[in-house]
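Asks: Structure of the sequence below:
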Amino acid sequence: MSSELDRILDQSQSWQHAGQGVAMATVVGTWGSSPRPVGSHLAVNETGEFSGSVSGGCIEGAVIQEAQAAIADGQPRLLEFGVSDEQAWEVGLACGGRVQVHVEKLEPALFDRLMRERAARRPAARIIRLSDKTAALATADGVIGELALTPSQSEALAARLTSGQSGALDEAGDAFARVYVPAPRLLIVGAVHIAQTLAPMATMAGFDVTVIDPRRAFASESRFPGIALTDEWPDDALNHLAPDAQTAVVTLSHDPKIDDPALAVALASPTFYIGSLGSKRTHEKRVARLTESGLADQIHRIHAPVGLDLGGRYPAEIAVAILGEIIRVRYKGKAR
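Replies: Numbers count the residues shown, from 1 in each chain. Model (predicted):
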């Protein structure tokens with residue numbers, strides 16, 4: 001299941017490849033209760049078709065009109081709207097606020113480069129200077145476009161590319177970065193009953209999920225419909241999948257022959273979360289084995305027993321606890 005952002009960007013690229021002009025509206029500032037967070041996108045083609053949302057519905061019509069005008073004349077726009085209390089109530093907020101939206105016609109070459117960066121799971125950012133509406137693309141290779149960053153803005157950009165959070169690059173709020181980091185991944189080792197609930201839940205939460213188990217009877221399409229599966233040995237699978245800083249790894253097989261090789265690869269990677277099923281006593285034995293393998297200085301990264309302590313005992317309850325801990329670590333940097 002693709003994320004909302006993936007759907008918006010993929011649709012935009014499809015429109016461009018079909019020869020249509022496309023404009024992208026981006027929320028660059030909010031005050032009060034905004035229906036959509038900073039960085040939200042609304043893509044519009046020249047016929048008025050659109051994908052995404054910048055307001056939950058209350059200002060979409062006006063933004064679409066401005067987007068079509070931007071496609072026609074090639075000029076970017078910086079729009080500001082007040083969201084009334086009545087409009088806010090209609091989209092589920094207690095009170096209104098203000099929202100600032102930047103609208104620009106997408107330049108095909110730069111947009112294609114952004115999509116290549118995403119396909120390669122490399123972070124990138126679209127940078128907008130709001131004072132003159134100049135835009136550029138920042139990648140690991142540098143800034144592409146007619147926009148120069150100050151040293152402090154470059155430092156702020158590096159921090160945002162690491163955190164994955166879009167926002168201003170200076171105190172004045174003139175330089176804005178819409179950050180695109182790789183979609184979070186969850187690699188589940190062990191196609192057991194807990195995984196049957198965890199995999200679809202994580203998919204719904206926006207994770208790209210792969211279930212790994214060399215036992216083909218376990219890792220079957222009938223048990224995991226719509227989930228990516230591999231029957232490679234876990235260490236080979238993880239080496240091929242190359243866990244990065246947007247990847248979580250969970251081992252659930254309860255079999256050291258399957259779990260330990262996966263943990264060895266995960267511990268040598270920058271993955272943001274590693275969790276292993278098993279009791280405290282099981283983990284003590286695991287620690288001893290991994291210590292003998294020379295991994296003593298990395299073992300502290302393993303969350304075990306895996307998952308938040310919710311008191312649940314059934315497979316679905318454990319799956320909820322595991323996903324909850326992964327999400328908490330992803331955003332908070334710690335589990336407990």
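
Asks: Report the contact partners of R122.
Replies: T139, A140, P182 (Cβ atoms under 8 Å, 6 or more residues apart in numbering). Using the backbone N, CA and C atoms, a C-beta is placed for each residue, glycine as well.

Asks: quick one: which of those residues is nearest E117?
Replies: The closest of the contacts of R122 to E117 turns out to be T139 (Cβ to Cβ; 5.5 Å).

Asks: Could you report the distance from the closest residue to that closest one other than its chain neighbours to A136?
Replies: Spatially, and ignoring its direct neighbours in sequence, T139 is nearest to A124 (4.9 Å; Cβ to Cβ, 6 or more residues apart in numbering). To A136, A124 is 11 Å away according to Cβ to Cβ, to the nearest Å.

Asks: And A296, by the same measure?
Replies: Distance, A296 to A136, by Cβ to Cβ: 45 Å.

Asks: hang on, the earlier thing: what about A124 and A136, which has more around it?
Replies: Neighbour count, other Cβ atoms under 10 Å: between A124 and A136, A124 has more, with 24 against 18.

Asks: Tell me if I'm right that the more buried one and Y180 touch.
Replies: Yes: using Cβ atoms under 8 Å, A124 is in contact with Y180, at 5.1 Å.

Asks: Which neighbours do these two have in common?
Replies: Common neighbours of A124 and Y180 (Cβ under 8 Å, 6+ apart) are L114, E117, R118.

Asks: Could you pull up the contacting residues of F81?
Replies: Applying Cβ under 8 Å, 6+ apart, the residues contacting F81 are S55, I59, A62, R98, V99, V101.

Asks: which residues touch the residue lying closest to the last one once chain neighbours are set aside?
Replies: The one in question is V101. Distances taken as Cβ to Cβ, 6+ apart put L79 closest to V101, at 4.6 Å, once the chain neighbours are dropped. Neighbouring residues of L79 by Cβ under 8 Å, 6+ apart: A62, V63, E66, Q100, V101, H102, V103.

Asks: Relative to L241, which of those residues is nearest.
Replies: H102 (35.6 Å).

Asks: who does that closest one bridge with?
Replies: Beta bridges link H102 to T26, L78 when assigned by DSSP bridges.

Asks: okay, now it: neighbour count?
Replies: 22.

Asks: With the one 4 residues further on instead?
Replies: The number of residues packed around L106, counting by other Cβ under 10 Å, is 22.

Asks: what's it in contact with, if anything?
Replies: Here L106 is in contact with S12, Q16, V22, A23, M24 (Cβ under 8 Å, 6+ apart).

Asks: With pLDDT, neighbour count and secondary structure added, can I get the contacts of R122 in JSON lines?
Replies: Shown next, in JSON lines, are those (pLDDT from 0 to 100; neighbours: other Cβ atoms under 10 Å; DSSP: H, G, I helix; E, B strand; the rest coil):
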{"residue": "T139", "pLDDT": "92", "neighbour count": "17", "secondary structure": "strand"}
{"residue": "A140", "pLDDT": "85", "neighbour count": "10", "secondary structure": "coil"}
{"residue": "P182", "pLDDT": "86", "neighbour count": "19", "secondary structure": "coil"}
